[in-house]
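Trainee: Sequence plus predicted model, see below.
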Amino acid sequence: MRIEDVPQDSSILDGHLRACYARDADGRFVLATSRGWDVESVANAVAVEQVRAGIERVRVEVVAGRASILAWHMARAHMDARMLAAHTGFWVWRVKRHLRPAVFARLGESVLKRYAAALGIDVAALKSGLPE
Amino acid sequence: MTTTVFQHHHAAHCESGAFAALLRHRGLALSEAMVFGIGSGLFFLWFPFIKLYGAPLVAWRDAPNTIIARGAKRLGVRIEKQRFRDEDTAMRELDSALASGVPVGLQTGVFWLPYFPRDMRFQFNGHHVIAYGRVDNDYLLSDTVFEAPVRCAAEDLRRARFSRGPLAPRGLAYQISHAPMEVDLVKAVRAGLTMTVSRMLRIPVGWIGIRGMRNMATALAGWPQRAGAEKARHWLANAIRMQEEIGTGGGGFRLMYAAFLEEAAELLTLPALRDVSDQFAAIGDGWREFAVAGAQAIKAGDTSSATFASLADRIRARADEEERALRTIDRALRTSA
């Protein structure tokens, strides 16, 4: 890639610049900056859309009363039960059980605190249900 | 408030960038590309049986933290590194290092770093940053993939350092405890080259190096049939992201490697390496064209077998070119030994 070919597309970088390697006029490699590349944005959009679709699926389940609010917060943190278990120190089967609304409703403060800490939110947010 | 005078340097890749910056701080001025090459960062790994982000794991580089470990050994640099059980201890130790003016490398989880653009915040725990100061509740970070230093609140940094799941950093902090006055760069570069050649060409399993590339090509050609249109599209997008988005300097680290070879050719006075640098420049561009073609297919919703077969052919072509280039390096090293 030559410096003049370094893509400068508006993109996922939010105005940041990315460093990449390109050749200058003398044919030597230098570090050039890029504002982003459409190709990357296309690939990134697929990943972002996957995550969003996952969150939406969980939201529908929560609204229908088939999953607890914990499932929604977990999806928003890009986690699955195994990962949330790693973050909280609970067993995976226990986390999975807490994804059931009836079980979640009975959870004590200390358990909720651990979930809230792992998800980076406060206990009130965890208990208050889906935002409108 | 504690801050150290620390020169921020923009780099393409977090781990080699962070290590190069720490070395520079200790008076060992090496480029990021040089650090990447000496640490044998160039690699190819195809682990279809591990799913990351719901897609088969593919990487154009070696496992996280290996570049620093190998680089340090080959340069004769001693690194003091520590992981922590206790989060408070980890943060206290960081504060005391910063108070004594020592910049500290940290392994972090990207998802928890608020200064990252929103759409780039995924659960990836192998990200390296350097902390060099603290102002009130904010840490001053030199994250080399950003063009300027950034600030990060203490709670966020703590969360990022203790992110769990794959590659969990467990608070990993490292600093250079000893840097030699004189470094045998020629020897270090030769060691880096030799290892890359041998790991890319001579590991007799199908998931690694050139073999991995060819096997990925075969698998990719079958995605639309075997996994269905939706997964084929998702997996292809993931491969492109690993190649371009995750701080590779373009073309899956191949352009950075070309830059390294350019420096190596002069250092070792081996003109053959200059030719290989040209080859890797073309290979990097070839990988970028693969990304362009892949993105076109994704955009057009094209998951036909013919399109994926032609994408697979592009990967095979890169495999052939890389094999040729690596064999040239191998010959050049042997004849000049």
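Mentor: Cool, got the structure. Values in this document were obtained by computation on a predicted structure and should not be read as measured data. Numbers count the residues shown, from 1 in each chain, chains lettered A, B, ... in the order given.
Trainee: contacts and neighbour counts: CA atoms only from here.
Mentor: Will do.
Trainee: number of nearby residues for residue B:268?
Mentor: For residue B:268, the neighbour count with other C-alpha atoms under 10 Å in any protein chain shown is 16.
Trainee: Pull up the gap between the closest residue in space to it that isn't next to it in sequence and residue B:193, please.
Mentor: Spatial nearest neighbour of residue B:268, chain neighbours left out: residue B:186 (6.2 Å); criterion: C-alpha to C-alpha, 6 or more residues apart in numbering or on different chains. Separation of residue B:186 from residue B:193 (C-alpha to C-alpha, to the nearest Å): 11 Å.
Trainee: Once you drop chain neighbours, what's closest to the closest residue to chain A within the stretch 151-300 of chain B?
Mentor: Closest to chain A within the stretch 151-300 of chain B is residue B:249: 4.0 Å, counting by C-alpha to the nearest C-alpha. Spatial nearest neighbour of residue B:249, excluding adjacent residues (C-alpha to C-alpha, 6+ apart): residue A:20 at 4.0 Å.
Trainee: In three-state terms, label the residue in chain A positioned nearest to chain B for me.
Mentor: Closest residue of chain A to chain B, C-alpha to the nearest C-alpha: residue A:20 (4.0 Å). At residue A:20 the chain is in strand, as set by DSSP: H, G, I helix; E, B strand; the rest coil.
Trainee: in the sheet, who's paired with it?
Mentor: Bridge pairing for residue A:20 (DSSP bridges) gives the partners residue A:32.
Trainee: Give me the number of neighbouring residues for it.
Mentor: 29.
Trainee: and the residue of the stretch 151-300 of chain B closest to chain A, how many residues sit next to it?
Mentor: 28.
Trainee: So for residue A:123, what's the nearest residue that isn't a sequence neighbour?
Mentor: residue A:116 (5.4 Å).
Trainee: List the contacts of the host helix or strand of the one you found.
Mentor: Counting by DSSP states H and E, the element that carries residue A:116 is helix A:109-119. With C-alpha atoms under 8 Å, 6 or more residues apart in numbering or on different chains as the test, helix A:109-119 has contacts from A:73-74, A:77, A:84, A:87-88, A:122-123, A:126.
Trainee: I figured residue B:262 hits residue B:273, correct?
Mentor: Yes: the criterion here is C-alpha atoms under 8 Å, and residue B:262 meets it with residue B:273 at 7.0 Å.
Trainee: and the helix or strand where the residue nearest to residue B:268 lies, what other elements does it pack with?
Mentor: Element membership for residue B:186 (DSSP H and E) is helix B:185-201. Using 3 or more C-alpha pairs under 8 Å, 6 or more residues apart in numbering or on different chains; DSSP states H and E, the elements in contact with helix B:185-201 are helix B:32-38, strand B:42-52, helix B:66-75, helix B:209-227, helix B:305-336.
Trainee: counting contacts, what elements does the longest one pack onto?
Mentor: Looking back up the chat, that one is helix B:305-336. Short answer (3+ C-alpha pairs under 8 Å, 6+ apart): helix B:305-336 packs on helix B:185-201, helix B:209-227, helix B:271-300.
Trainee: any chance of these in TSV, with mean neighbour count and mean pLDDT too?
Mentor: As requested, the helices and strands packed on helix B:305-336 are arranged in TSV below (neighbours: other C-alpha atoms under 10 Å in any protein chain shown; pLDDT from 0 to 100):
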stretch	mean neighbour count	mean pLDDT
helix B:185-201	19	98
helix B:209-227	21	97
helix B:271-300	20	97
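Trainee: residues in chain B within reach of chain A, list them.
Mentor: B:10-12, B:117, B:119-120, B:122-123, B:145-147, B:163-165, B:234, B:237-238, B:240-241, B:244-245, B:247-250, B:255-256, B:258-259, B:262, B:281, B:285, B:291-292, B:295, B:298-299 (C-alpha under 8 Å from any C-alpha of the partner chain).
Trainee: Alright, that wraps it up for me.
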